[in-house]
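In: fold the following for me, if possible:
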Amino acid sequence: MEGVYFPNIEDIFERHNNNKTKIIDEFYHFEEMFRQTFQELTSLKEKMVHLEQLPYIVEKQKEEVKLAKQKATHYENLYKSLILTSSFSHLRDFKNIQGDLLQFNSGKADHMTVEENKFNKIFSSVNQIADEDSIQNLTTMFPDLFKKD
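Out: Next up, the predicted model:
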């Protein structure tokens, strides 16, 4: 960082022998230097405000990434569960799956396909069925839990 030079007003008047034009030129130089310094200060303050907000922004984004990873894991597990369940005929009726979602074709390079309309239908009804099954299991295990007085 450069050293800061502060003008000595008396010295300026003595050096220029009270010549008004030279004194004004000298002060213009200082005025410009002060303007530049003020602009730098303003810019640095704005950057500081932005830098102070960065830890909060980073923390918020970490939370968003964490939630997105949890959702991805949840849907991946649900997908795998449904795909495997579709392979067992006795579980297909329980999960309301029509047909085998895994199709193995010996003549094709891609051995696993899922029909999109079946996939969407399954995911729309799975949560409702799971909720009904859970409530039914709880009612069986704890008959007094859902009594209406």
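
In: now do the lengthiest helix in the chain: which elements does it pack against?
Out: Ordering each helix of the chain by length in residues (DSSP state H) puts helix 20-85 first. Judged by 3 or more Cβ pairs under 8 Å, 6 or more residues apart in numbering; DSSP states H and E, the packing partners of helix 20-85 are helix 9-15, helix 116-141. Glycine gets a C-beta too; all of them are placed from N, C-alpha and C.

In: can you flag the weakest of those helices by average pLDDT?
Out: Lowest mean pLDDT within those: helix 116-141, at a mean of 63.

In: can you report how many residues lie near residue 7?
Out: 13 (other Cβ atoms under 10 Å).

In: now do residue 16
Out: Residue 16, neighbours per other Cβ under 10 Å, totals 15.

In: next one: the one 3 residues further on
Out: Residues within reach of residue 19, counting by other Cβ under 10 Å, total 12.

In: for residue 53, see how far away it is.
Out: Computed as Cβ to Cβ, to the nearest Å, the residue 19 to residue 53 distance reads 52 Å.

In: ok, residue 21 next?
Out: 49 Å.

In: same check on residue 33?
Out: Residue 33 is 31 Å from residue 53, by Cβ to Cβ.

In: neighbour count winner among those two?
Out: Neighbours were counted for residue 33 and for residue 53 using other Cβ under 10 Å; residue 33 has more, 13 against 10.

In: quick one, what contacts the more buried one?
Out: Residue 33 makes no contacts at all, as judged by Cβ atoms under 8 Å, 6 or more residues apart in numbering.

In: how far away is it from residue 26?
Out: Counting by Cβ to Cβ, the gap from residue 33 to residue 26 is 11 Å.

In: low pLDDT regions in the chain?
Out: 1-5, 86-135, 138, 142, 144-149 (pLDDT under 70).

In: do that again at 90, thanks
Out: 1-20, 22-27, 29-31, 33-34, 37, 75-149 (pLDDT under 90).
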